[in-house]
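Asks: Just the structure for this:
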Amino acid sequence: MEPSNPVSFDSEPLILVDQEDQTIGFLPKVDCHRGHGRLHRAFSIFLFDQNGRVLLQQRSQQKPLWPLFWSNSCCSHPRKGESIELAAERRLREELGVSTQLNWLYKFIYQADFEDVGAEHELCHVLIGRFDGDIQVHPDEIAAWRWLTIDQINQELIECAERYTPWFKLEWQRLLNDWQPEIQALSGRRKSA
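Replies: Numbers count the residues shown, from 1 in each chain. Down below sits the predicted model:
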């Protein structure tokens, strides 16, 4: 993808929500992330391949929040008038150049400040999917990417957790604790009894 074709911009209207994920208004993206953040709808996607590896991305240096930190395959926000499903499909195409079926797992609220720059305060929907093709990253969004096994990720989170985004660490623990059968089904592998 050409870096001259921006896919994310400060003025895009994000969806403000209450604690029950009910829409209460709209606000430009840049304003949602000022100070300690305004609660808004978001999503995180984890893509697994046939070998059970997870696609991780390193956030672009251009990102104002957590630049060059490692995170899940894709994460973003639905815009005003856009569903989670449509927004997730759009961002997979824009960031990674891929299309695949996604399964919704759960949603949760978190808040995290990044130095004195701004914050994430999101009601985040977590989705998983399977993808085995070629990746074509958008250079304005992603600095690097790699496929890692679950064990490799767990080891990195022991050795260098500070290199990962806060939402990734929260979501990863929940995936491992509560969603193992769904993860194993994506790669066609089952845990031995």
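
Asks: Counting neighbours, what do you get for Pro64?
Replies: As a burial measure, Pro64 scores 11 neighbours (other C-beta atoms under 10 Å). Placement of C-beta: from N, CA and C, glycine included.

Asks: Kindly report the same for Cys160.
Replies: The burial count assigned to Cys160 is 10, neighbours taken as other C-beta under 10 Å.

Asks: Let me see the contact set for it.
Replies: Applying C-beta atoms under 8 Å, 6 or more residues apart in numbering, we find Cys160 in contact with no residue.

Asks: Could you check the pLDDT of it?
Replies: Per-residue pLDDT puts Cys160 at 97.

Asks: Provide a list of residues in contact with Lys169.
Replies: 157, 161.

Asks: Just say helix, strand or coil for it.
Replies: helix (DSSP: H, G, I helix; E, B strand; the rest coil).

Asks: The spatially most central residue of the chain bridge partners, please.
Replies: By C-alpha atoms, centre = their mean, the chain has its centre lying nearest to Cys75, at 2.5 Å. Residues in a beta bridge with Cys75, per DSSP bridges, are Ser44.

Asks: can you pull the contacts of it?
Replies: With contacts defined as C-beta under 8 Å, 6+ apart, the neighbours of Cys75 are 42-45, 91, 124, 167.

Asks: Find the pair from those residues with maximum spatial separation.
Replies: Arg91 and Trp167 (14.8 Å; C-beta to C-beta).
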